[in-house]
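**Student:** with the sequence up front, the predicted model follows.
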Amino acid sequence: MLDLNSLRVFEKVASLKSFTGAARALGLPKSNISRSIARLEAELGTRLFQRTTRDVVLTLTGAALLDRSTDIINGLSEALDYVGRLGGQPRGTLKISAGIGFGINVLAEQLPEFLKRHPQIDITLYLGAARSAGGFSTRRGEARRDAALYVRGARLSRTSRHAEVDRRDRAT
(Lines give C-alpha, C1' and ligand atoms only; values in the text may rest on other atoms or scores of the structure.)
Protein backbone atom coordinates (compact mmCIF):
# COMPACT_ATOMS: atom_id res chain seq x y z
CA MET A 1 0.00 0.00 0.00
CA LEU A 2 1.22 3.49 -0.86
CA ASP A 3 2.47 5.53 2.11
CA LEU A 4 0.91 9.01 2.07
CA ASN A 5 3.89 10.43 3.95
CA SER A 6 6.15 9.27 1.13
CA LEU A 7 3.86 11.03 -1.32
CA ARG A 8 4.07 14.19 0.76
CA VAL A 9 7.88 13.94 0.82
CA PHE A 10 7.88 13.37 -2.95
CA GLU A 11 5.78 16.49 -3.51
CA LYS A 12 8.11 18.59 -1.34
CA VAL A 13 11.27 17.34 -3.10
CA ALA A 14 9.65 17.96 -6.50
CA SER A 15 8.50 21.47 -5.63
CA LEU A 16 11.84 22.50 -4.10
CA LYS A 17 13.97 20.47 -6.55
CA SER A 18 16.19 19.54 -3.63
CA PHE A 19 16.40 16.68 -1.16
CA THR A 20 18.19 18.95 1.32
CA GLY A 21 15.58 21.70 0.94
CA ALA A 22 12.76 19.22 1.43
CA ALA A 23 14.47 17.85 4.55
CA ARG A 24 14.73 21.37 5.98
CA ALA A 25 11.13 22.25 5.06
CA LEU A 26 9.74 19.06 6.58
CA GLY A 27 12.05 19.06 9.60
CA LEU A 28 13.43 15.62 8.79
CA PRO A 29 16.96 14.28 8.29
CA LYS A 30 18.05 14.11 4.65
CA SER A 31 18.52 10.33 4.99
CA ASN A 32 14.79 9.96 5.81
CA ILE A 33 13.93 11.91 2.67
CA SER A 34 16.16 9.70 0.52
CA ARG A 35 14.74 6.49 2.04
CA SER A 36 11.19 7.71 1.60
CA ILE A 37 11.75 8.48 -2.10
CA ALA A 38 13.53 5.13 -2.60
CA ARG A 39 10.55 3.26 -1.01
CA LEU A 40 8.10 5.16 -3.21
CA GLU A 41 10.12 4.43 -6.35
CA ALA A 42 10.38 0.74 -5.39
CA GLU A 43 6.65 0.51 -4.75
CA LEU A 44 5.82 2.16 -8.08
CA GLY A 45 8.55 0.26 -9.93
CA THR A 46 9.95 3.35 -11.63
CA ARG A 47 12.32 6.25 -11.03
CA LEU A 48 10.66 9.55 -10.15
CA PHE A 49 13.75 11.77 -10.20
CA GLN A 50 16.84 12.07 -12.33
CA ARG A 51 19.57 12.86 -9.82
CA THR A 52 22.96 14.41 -10.45
CA THR A 53 25.39 16.00 -8.03
CA ARG A 54 23.90 19.40 -8.84
CA ASP A 55 20.31 18.79 -9.95
CA VAL A 56 17.16 16.94 -9.03
CA VAL A 57 14.85 16.76 -12.05
CA LEU A 58 11.52 14.98 -12.35
CA THR A 59 11.29 12.13 -14.86
CA LEU A 60 8.20 11.95 -17.07
CA THR A 61 6.72 9.46 -14.61
CA GLY A 62 7.60 11.75 -11.71
CA ALA A 63 5.99 14.73 -13.45
CA ALA A 64 2.83 12.69 -14.09
CA LEU A 65 2.68 11.60 -10.45
CA LEU A 66 3.21 15.17 -9.22
CA ASP A 67 0.52 16.48 -11.55
CA ARG A 68 -2.03 13.95 -10.28
CA SER A 69 -1.04 13.92 -6.61
CA THR A 70 -0.77 17.64 -5.77
CA ASP A 71 -4.53 18.14 -5.42
CA ILE A 72 -4.80 14.93 -3.39
CA ILE A 73 -2.04 16.03 -1.00
CA ASN A 74 -3.55 19.52 -0.62
CA GLY A 75 -7.01 18.05 -0.02
CA LEU A 76 -5.65 15.66 2.56
CA SER A 77 -3.81 18.49 4.35
CA GLU A 78 -6.99 20.57 4.40
CA ALA A 79 -9.00 17.64 5.73
CA LEU A 80 -6.48 16.99 8.51
CA ASP A 81 -6.37 20.69 9.43
CA TYR A 82 -10.17 20.83 9.50
CA VAL A 83 -10.48 17.76 11.72
CA GLY A 84 -7.76 19.12 13.99
CA ARG A 85 -9.68 22.37 14.42
CA LEU A 86 -12.85 20.49 15.36
CA GLY A 87 -11.18 19.21 18.50
CA GLY A 88 -9.65 22.60 19.29
CA GLN A 89 -10.95 25.59 21.15
CA PRO A 90 -14.23 27.16 20.01
CA ARG A 91 -13.74 30.48 18.26
CA GLY A 92 -15.79 33.15 16.58
CA THR A 93 -18.50 35.59 17.57
CA LEU A 94 -21.44 34.61 19.76
CA LYS A 95 -24.43 36.93 19.40
CA ILE A 96 -26.76 37.13 22.39
CA SER A 97 -29.98 39.10 22.42
CA ALA A 98 -31.70 39.40 25.78
CA GLY A 99 -33.84 41.60 27.92
CA ILE A 100 -32.09 44.06 30.21
CA GLY A 101 -33.16 42.23 33.37
CA PHE A 102 -31.86 38.89 32.12
CA GLY A 103 -28.63 40.54 31.06
CA ILE A 104 -28.09 42.10 34.46
CA ASN A 105 -29.29 39.22 36.63
CA VAL A 106 -28.06 36.18 34.69
CA LEU A 107 -25.59 37.02 31.95
CA ALA A 108 -23.50 39.32 34.14
CA GLU A 109 -22.87 36.33 36.42
CA GLN A 110 -22.33 33.73 33.67
CA LEU A 111 -20.28 35.54 31.01
CA PRO A 112 -17.04 36.10 32.98
CA GLU A 113 -16.49 32.37 33.51
CA PHE A 114 -17.54 31.61 29.94
CA LEU A 115 -15.01 34.12 28.57
CA LYS A 116 -12.26 32.65 30.76
CA ARG A 117 -12.96 29.14 29.46
CA HIS A 118 -13.26 30.27 25.81
CA PRO A 119 -10.80 33.13 25.14
CA GLN A 120 -11.16 32.83 21.34
CA ILE A 121 -14.84 33.80 21.45
CA ASP A 122 -16.06 37.37 21.09
CA ILE A 123 -19.54 38.19 22.36
CA THR A 124 -21.92 40.67 20.81
CA LEU A 125 -24.57 41.34 23.43
CA TYR A 126 -27.84 43.07 22.58
CA LEU A 127 -29.77 44.21 25.63
CA GLY A 128 -33.15 45.86 25.32
CA ALA A 129 -36.89 45.50 25.37
CA ALA A 130 -38.72 42.80 23.43
CA ARG A 131 -37.39 42.75 19.90
CA SER A 132 -38.94 41.93 16.60
CA ALA A 133 -37.22 40.23 13.66
CA GLY A 134 -34.21 42.08 12.34
CA GLY A 135 -33.23 43.57 15.68
CA PHE A 136 -35.72 46.43 15.60
CA SER A 137 -38.36 47.27 18.13
CA THR A 138 -41.23 49.48 17.14
CA ARG A 139 -42.85 52.18 19.19
CA ARG A 140 -45.69 54.35 17.95
CA GLY A 141 -44.83 53.57 14.33
CA GLU A 142 -41.15 54.49 14.64
CA ALA A 143 -38.46 51.93 14.08
CA ARG A 144 -35.41 52.16 16.26
CA ARG A 145 -32.52 49.88 17.00
CA ASP A 146 -31.56 49.03 20.58
CA ALA A 147 -28.08 49.84 21.77
CA ALA A 148 -25.63 47.02 21.22
CA LEU A 149 -22.86 46.09 23.60
CA TYR A 150 -19.83 44.44 22.04
CA VAL A 151 -18.00 42.35 24.58
CA ARG A 152 -14.42 41.50 23.58
CA GLY A 153 -12.67 39.78 26.45
CA ALA A 154 -14.64 42.03 28.77
CA ARG A 155 -14.25 41.76 32.50
CA LEU A 156 -17.72 41.52 33.97
CA SER A 157 -17.90 42.33 37.65
CA ARG A 158 -20.21 40.09 39.62
CA THR A 159 -20.72 42.63 42.38
CA SER A 160 -21.28 45.75 40.31
CA ARG A 161 -22.98 43.82 37.48
CA HIS A 162 -21.39 45.85 34.70
CA ALA A 163 -18.91 45.14 31.99
CA GLU A 164 -16.01 47.14 30.67
CA VAL A 165 -17.23 47.15 27.10
CA ASP A 166 -17.16 49.12 23.91
CA ARG A 167 -20.69 50.51 23.65
CA ARG A 168 -21.95 51.58 20.24
CA ASP A 169 -25.41 52.81 19.34
CA ARG A 170 -26.22 51.33 15.95
CA ALA A 171 -27.99 53.69 13.63
CA THR A 172 -30.25 52.38 10.90
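**Tutor:** Received it, and whenever you're ready, just let me know what you need.
**Student:** CA only for contacts and neighbour counts going forward, please
**Tutor:** Fine.
**Student:** the closest residue to residue 49 other than its chain neighbours: what's it in contact with?
**Tutor:** Spatial nearest neighbour of residue 49, excluding adjacent residues (CA to CA, 6 or more residues apart in numbering): residue 58 at 4.5 Å. For residue 58, the contacting residues are 14, 48, 49, 50, by CA atoms under 8 Å, 6 or more residues apart in numbering.
**Student:** do residue 16 as well
**Tutor:** Residue 16 makes contacts with residue 22, as judged by CA under 8 Å, 6+ apart.
**Student:** and the helices in this structure?
**Tutor:** 4-16, 19-26, 30-44, 60-86, 100-102, 108-117 (DSSP state H).
**Student:** which one of the ones you listed lies closest to residue 129?
**Tutor:** helix 100-102 (7.0 Å; CA to CA).
**Student:** off-centre distance for that closest one?
**Tutor:** 34 Å (CA atoms, centre = their mean, to the nearest Å).
**Student:** same check, this time on stretch 104-122
**Tutor:** Counting by CA atoms, centre = their mean, stretch 104-122 comes out at 23 Å from the chain centroid.
**Student:** buried sites along it?
**Tutor:** 104, 107, 108, 109, 111, 112, 115, 121, 122 (16 or more other CA atoms under 10 Å).
**Student:** relative to residue 97, which of those residues is nearest.
**Tutor:** Of the buried residues of stretch 104-122, the one sitting nearest to residue 97 (CA to CA) turns out to be residue 107, at 10.7 Å.
**Student:** separation between the closest one and residue 93?
**Tutor:** 16 Å (CA to CA, to the nearest Å).
**Student:** now residue 100
**Tutor:** Residue 100 is 20 Å from residue 93, by CA to CA.
**Student:** cool, residue 85 as well?
**Tutor:** In terms of CA to CA, residue 85 sits 16 Å off from residue 93.
**Student:** tell me, how many neighbours does residue 28 end up with?
**Tutor:** Neighbour count for residue 28, taken as other CA atoms under 10 Å: 13.
**Student:** make that residue 7, sorry
**Tutor:** Count around residue 7 with other CA under 10 Å applied: 20.
**Student:** over to residue 67?
**Tutor:** 12.
**Student:** cool, and residue 63?
**Tutor:** Count around residue 63 with other CA under 10 Å applied: 15.
**Student:** what pLDDT does the model give it?
**Tutor:** Confidence at residue 63, expressed as pLDDT, is 95.
**Student:** tell me the spacing between it and residue 13.
**Tutor:** Taken as CA to CA, the span from residue 63 to residue 13 is 12 Å.
**Student:** any idea how far the most centrally placed residue in the chain lies from residue 78?
**Tutor:** Residue closest to the average C-alpha location in the chain (CA atoms, centre = their mean): residue 85, at 6.2 Å. Separation of residue 85 from residue 78 (CA to CA): 11 Å.
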